[in-house]
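>>> with the sequence up front, the predicted model follows.
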Amino acid sequence: MTKVKKTQLLLIVAAVVLSVLLYFVPKRSDTAVEKTLTNVSDNTGTIETFVNAAKTNLSADLKPKAEDKNLDSIISFWDKNKRPDIASFYFEKKVSGINKSVDWFKAGDRYYYSVRFIKDPEEKPLLYSSAMRCYEKGLKLEPNNADAKIMLASCLVEGSPDPMKGISMLREIEKTDSNNVTLQLNFAFFSVRSQQWDKAIRRFEKVLQIDSTYIEAYLHLADAFEQSGQISKTIEMLEKYKSKTDDAMTREEIGKYIEQLKQNIK
């Protein structure tokens, strides 16, 4: 598959579901992650360094909005300014005064997903660590929440010096909850990142067996099949997605890409 073709397919996917592409962002090496995590304690002090830097870099007219006393206003401000990492910091401050499991899990999710938008490699391990802290606090209140356990394990896989600990946690969960879509998706995305296309395909197919309404899985499958050189299957998956999506623009773009693929197998 040429670089141009790969880029085009990813652009199509991005127009439909941004989260698909976020998993393709290169991760730091385990050595770099370990070096930073050794300096992370069970508080937000290190993240606050980045918060202060972000506030310092604001223009004079925006600084007052970042100093608002209302946490909801500050969270909204940083979200709108495309700094989900900073918004996550203030969201954690907000939920710490409420101390409900559902809020801690949301805080963990915020930190976890903000990693994909951050360019500074030194901050990413700290975000994973903060996400883990929030998931752990939520699990103390709701210890049987499977999705939170899965996300905690994912943080270990992606942002800790001991990724196999996270994999082991996921495998334990799979023994009793193999039909958990979040679990299967995480396994699938780990396989994508390690370019184990056969494993990724099996996991995405499992997702569709569990939840046929998760049509974005067809896009993941299309990418995996194309990466493994199975163009006919790629077309089949794209056709299935095209028939199920309500987005007219996406249908048009996918249709164009399908025609290009068909030209290559004639």
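Everything's here; your move.
>>> give me the nearest residue to Asp177, chain neighbours excluded.
With CB to CB, 6 or more residues apart in numbering as the criterion, Asp177 has its nearest non-adjacent residue at 5.3 Å, and that residue is Ala146. C-beta: built from backbone N, CA, C; applies to glycine.
>>> so that neighbour makes contact with Asn180?
Yes: counting by CB atoms under 8 Å, Asn180 is a contact partner of Ala146 at 5.9 Å.
>>> which helix or strand contains the residue nearest the centre of the chain?
Against the mean C-alpha coordinate of the chain, by CA atoms, centre = their mean, the closest residue is Tyr113 at 4.9 Å. In the assignment (DSSP states H and E), Tyr113 maps to helix 101-114.
>>> which strands and helices lie in contact with the helix or strand that comes right after that helix?
The first helix or strand that comes after helix 101-114 along the chain, using DSSP H and E, is helix 124-141. With contacts taken as 3 or more CB pairs under 8 Å, 6 or more residues apart in numbering; DSSP states H and E, helix 124-141 sits against helix 30-37, helix 45-56, helix 84-96, helix 101-114, helix 146-159.
>>> check what pLDDT Arg202 gets.
At Arg202, the predicted lDDT confidence score is 97.
>>> show me the shaky parts of the chain.
Flagging of the chain using pLDDT under 70 yields the residue ranges 1-45, 266.
>>> okay, now the domains of it?
Under the assignment automatic domain parsing, the domains of the chain span 1-28+178-266, 39-177.
>>> check the gap between the residue nearest to Ile215 when sequence neighbours are not counted and Asp72 for me.
Leaving aside its chain neighbours, Ile215 sits nearest to Lys244 (4.6 Å; criterion: CB to CB, 6+ apart). In this structure, Lys244 and Asp72 are 37 Å apart, going by CB to CB, to the nearest Å.
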